[in-house]
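[1] dropping the sequence and predicted coords here.
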Amino acid sequence: MKTHMARTWLRAPVLVALVVSGNILVQAQTLTNLYSFTGVNGDGEYPFPYGRLPFDTHGALYGTTASGGSLYNGTVYQLVPPTVQGGAWTENVLYAFAGGADGRQPGMGVVFDQYGNLFGSTQFGGNLQVCGGGCGTIFELSPPSQPGGRWTHTVLYTFQGNFDGQYPGAVVLGANGALYATTSSGGTPGVQCHTNQRIKFGCGTVFELALQGGSWTKTVLYTFPGFKGDGTGPDAEIVFDGQGNIYGTSGGGTTGYGTVFQLTPPSGKGAWQETVLHQFTGGSDGGSPGGTVTLGPHGVLYGTASYSGVVNASGLVFQLTPPAQSGGAWTETVLHNFPGFKGDATTPASTLAIDPSGNLYGTSVFGGSTACYLGCGTVFKLAPPSGGGAWTETVLRDLGNSGQNPNSSIVQFHNGLLYGTTTYLGASDVGSVFTLVP
């Protein structure tokens with residue numbers, strides 16, 4: 001089963017591109033570190049590879065670290081851009097978790113609402129009497145009324161484990177103002193979640209947290225039942241389409257190599273309906289999806305699989321195309337198999353970013369420089385064909401000179417640049433935030 005903890009945690013000139021084996025291009029582009037975490041004096045460390053890095057209207061970005069802070073239980077941080085070109089970005093720690101009722105390890109990023117409030121989750125903490133140190137929380141950070149003041153932290157929900165769910169993923173803000181996320185386990189007890197025997201804490205959930213009458217109310221939209229063919233342990237991230245459908249990936253499935261699923265909202269007061277869009281077989285279609293799917297034009301979904309059933313099994317990027325008629329089967333197409341050659345990306349394991357031209361961007365856990373065992377990781381790009389040909393992979397950045405691999409870092413497209421985090425790397429090797437020209 002895939003759990004959140006089990007997953008392997010830029011304004012620069014473009015230099016000359018070098019052609020290597022096959023159609024893989026390696027571009028020696030300069031990666032710019034916006035900030036290196038230190039883990040000392042209350043600073044955070046180890047930003048996790050889930051969620052997003054939201055920007056405010058002034059260009060500041062926000063994120064979380066899984067550790068660090070005054071008590072080393074994690075932080076929520078803000079990075080403010082420089083006022084002069086070439087200046088340094090400034091970090092502000094907005095909140096440091098105490099590790100008790102307020103939560104611990106907020107490694108899933110944050111989201112904004114229209115009023116400037118931040119929402120996020122902690123994997124642990126809350127009610128310390130359950131789950132061996134708490135099953136996690138959903139929290140809100142409200143901005144100060146005066147510039148320079150302290151942000152206000154509020155726990156919106158504390159997970160109790162078992163039927164309630166435990167270990168929440170990255171929250172998403174719905175069109176109705178409610179919060180949505182997964183839990184990697186919990187819900188109705190099922191079978192084959194971890195073993196072939198019935199276990200007490202269930203196979204995971206998708207839930208809604210809505211403000212009703214002045215208080216937040218949690219509703220489980222779907223519990224993964226552990227039946228053969230259904231998913232188990234949904235990924236930490238989910239995504240909405242314009243019709244309010246939820247998409248995500250999971251472990252489990254018919255062969256145990258994972259699924260891509262869709263949850264459709266009811267037209268009235270009924271239940272949400274799950275549809276398994278694809279069952280990975282571990283063959284040429286891949287297996288063990290990394291991150292969630294990315295929504296492209298015309299309802300097409302893009303994603304990565306960390307395993308591919310071809311030579312070297314170095315992972316792939318896939319496309320799922322919706323059926324022409326409602327109720328038909330979705331079609332999977334493998335866009336690129338990572339060949340495992342020296343210098344190429346290996347084992348993609350993050351949610352893809354997409355730009356307005358349809359180019360896809362991601363990171364790989366391994367590959368690139370051999371300065372690290374199995375490679376130090378890469379940032380890569382897949383460009384769609386102009387006609388009916390193949391997609392073209394470009395390794396935008398080999399992280400071999402930066403230390404260890406990025407551990408499937410976040411990468412996202414914003415204002416013409418790529419932004420991301422690394423769990424390691426940076427001046428103190430406890431994580432960084434970077435930018436890169438695509």
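    Great, that's in hand.
[2] so where's the stretch 51-200 of the chain uncertain?
    Residues of the stretch 51-200 of the chain meeting the criterion pLDDT under 70: 190-192, 194-200.
[3] actually the stretch 251-400 of the chain, not the one I wrote
    Ranges of the stretch 251-400 of the chain meeting pLDDT under 70: 311, 400.
[4] give me phi/psi at the most centrally placed residue in the chain?
    Nearest to the geometric centre of the chain sits residue 50, at 3.0 Å (Cα atoms, centre = their mean). The phi and psi values for residue 50, taken as degrees, to the nearest 10, are phi -140, psi 160.
[5] what's near enough to touch it?
    4, 107-109, 169-170, 236-237, 291, 410 (Cβ atoms under 8 Å, 6 or more residues apart in numbering). To be clear about C-beta, it is placed using only N, CA and C from the backbone, and glycine gets the same treatment.
[6] ok, how many other residues are close to the nearest residue to it once chain neighbours are set aside?
    Using Cβ to Cβ, 6 or more residues apart in numbering and skipping the chain neighbours, the partner closest in space to residue 50 is residue 236 (4.4 Å). Here the count is done by other Cβ atoms under 10 Å, and residue 236 has 32 residues near it.
[7] could you verify my assumption that residue 236 touches residue 108?
    Yes: between residue 236 and residue 108 there is a contact under Cβ atoms under 8 Å: 6.1 Å.
[8] find residues that contact each of the two.
    4, 50-51, 169-170.
[9] let's have the residues you listed in CSV, adding secondary structure and distance to residue 68.
    Converted to CSV, the shared contacts of residue 236 and residue 108 look like this (DSSP: H, G, I helix; E, B strand; the rest coil; distance: Cβ to Cβ, whole Å):
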residue, secondary structure, distance to residue 68
4, coil, 19
50, coil, 17
51, coil, 17
169, coil, 21
170, coil, 19
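[10] sec struct for the residue lying farthest from the centre of the chain, please.
    Here the chain reaches farthest from its C-alpha mean at residue 146, the gap being 32.6 Å by Cα atoms, centre = their mean. With DSSP: H, G, I helix; E, B strand; the rest coil as the basis, residue 146 sits in coil.
[11] quick one: it from residue 394, how far?
    47 Å (Cβ to Cβ, to the nearest Å).
[12] likewise for residue 181?
    33 Å.
[13] check residue 277 too.
    Distance, residue 277 to residue 394, using Cβ to Cβ: 28 Å.
[14] same thing with residue 314?
    16 Å.
[15] what about stretch 271-278, distance to the chain center?
    Here stretch 271-278 is found 21 Å from its chain centre; the criterion is Cα atoms, centre = their mean, to the nearest Å.
[16] using PDB, write out the CA atom coordinates for that stretch.
    What follows is stretch 271-278, C-alpha atoms only, in PDB (Å, rounded to 0.1, in the frame of the first residue of the first chain):
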ATOM      1  CA  ALA A 271     -23.700   9.700  -2.400                       C
ATOM      2  CA  TRP A 272     -20.600  10.500  -4.400                       C
ATOM      3  CA  GLN A 273     -19.900   7.800  -6.900                       C
ATOM      4  CA  GLU A 274     -16.400   6.400  -7.600                       C
ATOM      5  CA  THR A 275     -15.200   5.200 -11.000                       C
ATOM      6  CA  VAL A 276     -11.900   3.500 -11.500                       C
ATOM      7  CA  LEU A 277     -10.600   5.100 -14.700                       C
ATOM      8  CA  HIS A 278      -7.500   2.900 -15.000                       C
END
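[17] list the buried ones in that stretch?
    For stretch 271-278, the buried set under the neighbour-count rule, 16 or more other Cβ atoms under 10 Å, comprises 272, 274, 276-278.
[18] could you dump the residues you listed to TSV with secondary structure and distance to residue 96?
    Shown next, in TSV, are these (three-state DSSP; distance: Cβ to Cβ, whole Å):
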residue	secondary structure	distance to residue 96
272	coil	36
274	strand	38
276	strand	41
277	strand	40
278	strand	41
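[19] quick one: which two of these are the most distant?
    The largest separation in those, counting by Cβ to Cβ, is between 272 and 278 at 19.0 Å.
[20] ok, now which ones touch residue 279?
    With Cβ under 8 Å, 6+ apart, residue 279 has these contacts: 229, 253-255, 257, 259.
[21] just the closest of the residues you listed to residue 125, please.
    Closest to residue 125, out of all of the contacts of residue 279 and judged by Cβ to Cβ, is residue 259, at 29.8 Å.
[22] which of the contacts of residue 50 fall in helices?
    Among those, no member is found in helices (DSSP state H).
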